[in-house]
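1. just a sequence and a predicted model for now, questions to come.
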Amino acid sequence: MSDSLTSELTNYYDAVPYDSHPFPQSAMEHLEALAFLFGLDVPPPARARVLELGCAAGGNLIPFAARHPEARAIGVDLSTVQVAQGMAVIGRAGLSNIELKAFNLADIDASFGEFDYIVCHGVYSWVPGPVQDAILRICQENLAPNGVAYVSYNVYPGWKAREIVRDAMILRGGPRDTPEEKLSYARGMLDFLEQSARPDSVLKKTLEEAMPIVRSANSSYLLHEFLEPCNAPCYFKEFVARAEARGLAYLCDAEPSTMFVQNYGDKVRDPLLRECGGSQVMMEQYLDFLINRTFRQTLLVRQQQAGGIRYKLDPARIRRLEFAGMFKTDDGGAFTLDAREQPCTAIRNLKVTMRQPVQKAVAHLLDTRYPASMSVSALVEAAAGLAGQPPAAAEPVVMAMVEELLILGALRIRRSPVPAADAVSNLPQALPAVRNTVGLVQGSGVTINTCNQWHEHVTVSLLERSLLPLLDGRHSHEALAEHLEAEVRSDRLRFVRDDKPLTEPSVIREFARGQVAVALDALRRKALLTA
């Protein structure tokens with residue numbers, strides 16, 4: 001990459017910082033579970049060496065380092081501004097196992113060390129060709145023999161239409177001076193095109209698809225996705241070929257439900273199985289055309305590992321995973337342990353129907369315990385008890401159900417138990433990293449964001465934020481209520497009922513007790529309380 005383009009990108013990243021937050025699909029625990037699901041044994045994250053390329057301010061990497069004090073994490077980014085912000089957070093959190101560096105990733109070589117996991121989210125498509133080559137070179141040279149690399153990128157055919165939108169936005173917004181001006185003029189261009197395009201034109205159809213994204217997305221996303229100096233999508237098959245040329249093999253997608261052809265119906269499944277001759281890459285490339293895919297999150301391994309990859313799910317491996325999920329009946333009632341069908345909604349708003357008593361018991365157990373995970377053996381034992389069946393009879397039903405939900409994408413998976421609380425204890429305890437960092441946040445904003453045990457970006461309310469520093473396993477519910485009372489007395493917190501602030505001490509006391517219960521339950525469901 002030329003010095004001038006490097007300088008242009010550095011200045012752009014400094015002026016328009018990426019939103020730096022966790023990306024659940026790139027969590028090392030998730031990558032480990034996916035590799036295991038598809039036949040490979042990879043290093044446990046707890047003691048792994050991790051490299052993130054394009055780490056921004058560390059929002060994706062810092063929570064990992066906090067969860068795993070014996071792991072070692074290094075992040076590199078062109079933006080000195082964002083690296084400095086991240087290092088300040090690391091210092092306040094007292095973490096000694098992570099370092100962020102202002103560094104041109106193209107300069108990374110074998111001397112940088114070997115890593116069990118390499119993560120590159122939101123970088124590959126947004127840098128010039130030589131840097132794309134460097135990313136794949138690093139994934140080969142610096143990846144441990146049984147390591148996993150994660151790379152996300154924009155793909156065709158979905159981006160063919162979006163390029164029309166991007167080109168129009170750059171035509172009017174690109175020459176402007178400040179990022180705010182660029183975006184304002186670019187939006188104006190789209191408004192003009194939307195009003196003027198012929199009803200039957202390709203442009204009109206393209207704008208109908210793109211405008212909801214443009215209107216709902218934040219400024220940072222739009223500036224990077226549509227107005228950044230570089231954005232070079234490719235076809236999935238092309239990306240895999242580039243990776244193979246570097247001695248890397250395709251393992252899977254970070255959202256594995258997109259890989260299974262049975263999720264697309266019989267009319268798609270049968271012809272594709274005949275057409276693709278067992279090639280997973282060809283099948284997924286066909287599917288990209290079918291759904292007009294715009295974005296991929298690909299896991300890569302060294303070519304020597306390719307022989308161990310298995311796309312037919314192995315029941316023995318499924319048994320050794322941990323599962324979590326949420327299931328709400330469509331009628332809002334409880335699951336009934338009889339033979340009636342009960343439609344319900346799972347994570348990602350997926351619609352599933354529970355028919356057998358054991359299936360309903362599994363859904364109830366997972367939902368009740370969420371965000372804690374459960375093993376297949378624990379599910380079999382507990383579901384059999386609830387349904388009044390012997391475990392031997394319940395086991396095949398549970399196994400079939402888990403595999404079906406896994407393929408559908410209605411379950412979250414891990415290789416090791418997720419130590420989230422499945423109930424609120426008498427002496428509740430929050431994640432130390434969250435407890436410490438939330439307590440350091442200054443200001444009186446209503447909400448702040450943090451990272452939970454599933455590596456998700458979650459919002460913490462002012463009430464929850466007030467309690468978090470005290471959730472160290474030493475404070476009872478009564479002590480927490482007394483703390484809230486003191487916060488109200490000192491005007492740092494206000495209790496309101498029927499649009500009127502509460503002032504009577506006895507009323508405040510009773511209200512505080514109720515609010516403690518509400519806040520603790522919310523924190524538990526957000527996966528911020530530990531078991």
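-> Yep, that arrived. Just so it is clear, the structure is predicted and the values come from calculations on it, not from any experiment. Numbering: from 1, shown residues only.

2. scan the chain for its longest strand.
-> Counting by DSSP state E, the longest strand found in the chain is strand 143-154.

3. and Leu9, what's its pLDDT?
-> pLDDT recorded at Leu9 is 56.

4. swap that for Gly445, please
-> Residue-level confidence at Gly445 comes out at 56, pLDDT.

5. got it, and Glu209?
-> The model reports Glu209 with a pLDDT of 85.

6. and for Gln389?
-> The predicted local confidence for Gln389 is 94.

7. quick one: it from Gly173, how far?
-> Counting by CB to CB, to the nearest Å, the gap from Gln389 to Gly173 is 63 Å. In this view, the C-beta of every residue, glycine as well, is placed from N, C-alpha and C.

8. pick out whichever of the two has more residues nearby.
-> For Gln389 versus Gly173, neighbours defined as other CB atoms under 10 Å are more numerous around Gly173 (23 against 19).

9. contacts only, for that one.
-> 181-187, 189, 227 (CB atoms under 8 Å, 6 or more residues apart in numbering).

10. among the residues you listed, which lie within helices?
-> 181-187, 189 (DSSP state H).

11. now for the nearest residue to Arg72 once chain neighbours are set aside: which residues touch it?
-> Distance criterion CB to CB, 6 or more residues apart in numbering; nearest residue to Arg72, sequence neighbours excluded, is Arg49 at 4.9 Å. By CB under 8 Å, 6+ apart, the residues touching Arg49 are 71-74, 113-117, 144.

12. count of neighbours near the closest residue to Arg412 other than its chain neighbours?
-> Closest residue to Arg412 apart from its sequence neighbours, by CB to CB, 6+ apart: Ala324 at 4.6 Å. When counting by other CB under 10 Å, one arrives at 23 neighbours for Ala324.

13. isn't Ala324 up against Leu366?
-> Yes - between Ala324 and Leu366 there is a contact at 6.5 Å, judged by CB atoms under 8 Å.

14. what do these two both touch?
-> With CB under 8 Å, 6+ apart, Ala324 and Leu366 have common neighbours 374, 411.

15. what residue ranges in the stretch 401-531 of the chain score low on pLDDT?
-> 439-447 (pLDDT under 70).

16. can you map out the strands along it?
-> Per DSSP state E, counting those that start in this stretch, the stretch 401-531 of the chain carries strands over the ranges 412-414, 447-451, 457-461, 496-497, 500-501.

17. can you redo these as a markdown table with mean neighbour count?
-> Below are these laid out as a markdown table (neighbours: other CB atoms under 10 Å):
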| stretch | mean neighbour count |
| --- | --- |
| strand 412-414 | 22 |
| strand 447-451 | 18 |
| strand 457-461 | 17 |
| strand 496-497 | 9 |
| strand 500-501 | 9 |
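
18. out of the ones you listed, which comes closest to Met401?
-> Met401 lies closest to strand 412-414 among those, at 14.3 Å (CB to CB).

19. helices or strands next to the helix of greatest length in the chain in the packing?
-> Scanning the chain for the helix with the most residues, using DSSP H, yields helix 505-525. For helix 505-525, the elements it packs on are strand 457-461, helix 462-467, helix 477-489, judged by 3 or more CB pairs under 8 Å, 6 or more residues apart in numbering; DSSP states H and E.

20. other residues contacting the longest one?
-> When contacts are taken as CB under 8 Å, 6+ apart, the neighbours of helix 477-489 outside the stretch itself are 426, 428, 463, 466-467, 470-471, 475, 493-495, 502, 505, 508-509, 512-513, 515-517, 520.

21. what do you get for the shortest one?
-> Here strand 457-461 makes contact (CB under 8 Å, 6+ apart) with 21-22, 438, 446-452, 468, 519, 522-523, 526-528.

22. just the buried ones from the residues you listed?
-> Among the contacts of strand 457-461, those scoring as buried are 22, 438, 448, 450-452, 468, 519, 522-523, 526-528 (criterion: 16 or more other CB atoms under 10 Å).

23. let me have those in CSV, extended by distance to Ala102.
-> Shown next, in CSV, are the buried ones among the contacts of strand 457-461 (distance: CB to CB, whole Å):
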residue, distance to Ala102
Pro22, 21
Val438, 27
Ile448, 26
Thr450, 25
Cys451, 23
Asn452, 29
Leu468, 32
Ala519, 39
Ala522, 38
Leu523, 35
Lys526, 33
Ala527, 32
Leu528, 31
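
24. and the two most separated of these?
-> Pro22 and Ala519, at 22.1 Å, using CB to CB across the buried ones among the contacts of strand 457-461.

25. so which helix or strand takes in Met283?
-> Here Met283, judged by DSSP states H and E, is contained in helix 280-291.

26. give the buried residues for that helix.
-> Buried residues in helix 280-291 (16+ other CB under 10 Å): 280-288.

27. and stretch 373-389, by the same measure?
-> Buried residues in stretch 373-389 (16+ other CB under 10 Å): 373-374, 376, 379-380, 382-384, 386-387, 389.

28. Ser466: what's it in contact with?
-> Contacts of Ser466 (CB under 8 Å, 6+ apart): 483-484, 487, 492-493.

29. could you redo the last one with a cut-off of 10 Å?
-> For Ser466, the contact set (CB atoms under 10 Å, 6 or more residues apart in numbering) comprises 438-439, 460, 480, 483-484, 486-488, 492-493, 515, 519.

30. now it: how far from Met374?
-> Taking CB to CB, one finds Ser466 at 32 Å from Met374.

31. now do Tyr264
-> Counting by CB to CB, the gap from Tyr264 to Met374 is 29 Å.

32. ditto for Ala486
-> The value you get for Ala486 to Met374, if CB to CB is used, is 39 Å.
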